[in-house]
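Chemist: only geometry, no sequence info:
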């Protein structure tokens, strides 16, 4: 599995050297997250658990490449990141596209992210609160609400979820919730 992920990332880098030249580091973020804060995909019920404030998260967001395909889908920013658990539970790394939508003429914004993640969590046999992922490769999605505190500082409340979308069994997924502070360049 790792070899195929590395091969896919390598092919992506080789396939678009022109697009890579247009990408620049746009924002660095760091924050703290509740681990496995929600026991489902969409946070629509009362299944919240705020007892495990034990994750740190780092991410780098890049400028949207100046190519027609990215403009056509709304100019998302590529993002890479990691969520690390300080208690020895599941960690993840992700690569995704991040859309940031301004809320009218205010400093507020909404954001959505979709991509892929790799976790070191158990594939099966884990006991709660650990999760059973079925496979190491997962889909990554995120949603958040944030504010531009100044021209170069952001604060974002973010919900992130990884799951294999039933491609492997089991598929318990993982949902984290936290607050990130960003520095824009």
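Modeler: Nice, thanks for sending it over. Computed from a predicted structure; not experimentally measured.

Chemist: low-confidence regions, the protein specifically.
Modeler: For the chain, applying pLDDT under 70 flags the ranges 1-21.

Chemist: mind listing the strands for it?
Modeler: Applying DSSP state E to the chain gives strands spanning 25-34, 53-62, 77-85, 92-102, 108-119, 137-148, 153-163, 174-184.

Chemist: which one of the ones you listed lies nearest to residue 43?
Modeler: strand 153-163 (6.3 Å; C-beta to C-beta). For the C-beta atoms, the positions are set from N, CA and C on the backbone; glycine is no exception.

Chemist: next, the angle strand 137-148 makes with that closest one.
Modeler: 160 degrees (axes from the mean of the first three to the mean of the last three C-alpha atoms, to 10 degrees).

Chemist: helices or strands up against strand 153-163?
Modeler: strand 25-34, strand 92-102, strand 108-119, strand 137-148, strand 174-184 (3 or more C-beta pairs under 8 Å, 6 or more residues apart in numbering; DSSP states H and E).

Chemist: show me what contacts the residue located most distally from the centre of the chain?
Modeler: Taking C-alpha atoms, centre = their mean as the measure, the residue most remote from the mean C-alpha position of the chain is residue 105, 26.4 Å away. By C-beta atoms under 8 Å, 6 or more residues apart in numbering, no residues touch residue 105.

Chemist: any chance of the helices and strands packed on strand 153-163 in CSV, with distance to residue 46 and mean neighbour count too?
Modeler: Putting the helices and strands packed on strand 153-163 into CSV (distance: least, C-beta to C-beta, whole Å; neighbours: other C-beta atoms under 10 Å) gives the following:
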stretch, distance to residue 46, mean neighbour count
strand 25-34, 15, 18
strand 92-102, 25, 18
strand 108-119, 23, 18
strand 137-148, 18, 19
strand 174-184, 14, 20
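
Chemist: can I get the ones you listed in JSON lines including distance to residue 73?
Modeler: Shown next, in JSON lines, are the helices and strands packed on strand 153-163 (distance: least, C-beta to C-beta, whole Å):
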{"stretch": "strand 25-34", "distance to residue 73": "17"}
{"stretch": "strand 92-102", "distance to residue 73": "8"}
{"stretch": "strand 108-119", "distance to residue 73": "10"}
{"stretch": "strand 137-148", "distance to residue 73": "15"}
{"stretch": "strand 174-184", "distance to residue 73": "22"}
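
Chemist: among the strands of the chain, which is nearest residue 42?
Modeler: strand 153-163 (8.4 Å).

Chemist: sheet partners, orientation included, of that closest one?
Modeler: Strand 153-163 pairs in its sheet with strand 137-148 (antiparallel), strand 174-184 (antiparallel), by DSSP bridges.

Chemist: save the ones you listed as TSV, and put in distance to residue 95 too.
Modeler: Output for the strands paired with strand 153-163, formatted as TSV (distance: least, C-beta to C-beta, whole Å):
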stretch	distance to residue 95
strand 137-148	8
strand 174-184	17
